[in-house]
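Q: give me a 3D structure for the following:
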Amino acid sequence: MDVLGVLRIRVRRGIDLAVRDTMSSDPYCVIKCGSQKVKTKVVRGNCNPIWNEVLTIYVKNVHDPIHLYVYDKDTFTEDDGMGEARINMKPLIECVRMGLKGLPNGTTVDRVQPTPENCLVEESTIVLSSGGTMTQDMILKLRNVECGKIEIQIEWVEIPGCRGLHG
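A: Numbering: from 1, shown residues only. Have a look, this model is predicted:
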């Protein structure tokens, strides 16, 4: 199989998203990587939506960009853009490649600082979770919009029969 593994993206919530209807918005998120496109459900009339949805992207190349877009669902017209952000999975991938085993559950493996390139609002931590998986919590500042942030968590998942990160 041509796939390295899976990036599991938990889209938790939106924070202070832009108003695109009269007094609110009907936001949803779309995540794209190459030809793949996955999206959350629409949350009606809420600029601080809670999704708590897990979306899955099959990763063929760790250098392929992953983009998150937020839209306002409209019934009779094209959906309005509410901003976008880039998800940088490289720090998480580097930690997974370390092959850390035997550390206590909840061990912080790395801290990623905000830069103009990575869309982070604040420091992001990469943590070794139960079962030996690595997760990274992020709050992303949306670009090309007047306001808004998205809180997500990413997790790398190895798939049996795939090349994996170590091969």
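
Q: helix, strand, or coil at the closest residue to residue 11 other than its chain neighbours?
A: Closest residue to residue 11 apart from its sequence neighbours, by CB to CB, 6 or more residues apart in numbering: residue 51 at 4.8 Å. Yep, even glycine has a C-beta here, placed from its N, CA and C like the rest. Following DSSP: H, G, I helix; E, B strand; the rest coil, we place residue 51 in the strand state.

Q: mind checking the end-to-end distance for stretch 136-148?
A: Using CA to CA, to the nearest Å, the end-to-end distance of stretch 136-148 comes to 20 Å.

Q: ok, residue 93 touching residue 165?
A: Yes: using CB atoms under 8 Å, residue 93 makes contact with residue 165 at a distance of 6.4 Å.

Q: the two: who's more crowded?
A: Taking other CB atoms under 10 Å, residue 93 and residue 165 do not tie; residue 93 has more neighbours (19 against 16).

Q: give me phi/psi at that one?
A: For residue 93, the backbone dihedrals (degrees, to the nearest 10) come out as phi -60, psi -40.

Q: any idea how far it lies from residue 29?
A: As defined by CB to CB, to the nearest Å, residue 93 lies at a distance of 22 Å from residue 29.

Q: then residue 82?
A: Residue 82 is 9 Å from residue 29, by CB to CB.

Q: overlap in contacts of these two?
A: Counting by CB atoms under 8 Å, 6 or more residues apart in numbering, the residues touching both residue 82 and residue 29 are 70, 71.

Q: quickly find the element holding residue 94.
A: Per DSSP states H and E: residue 94 is located in helix 90-97.
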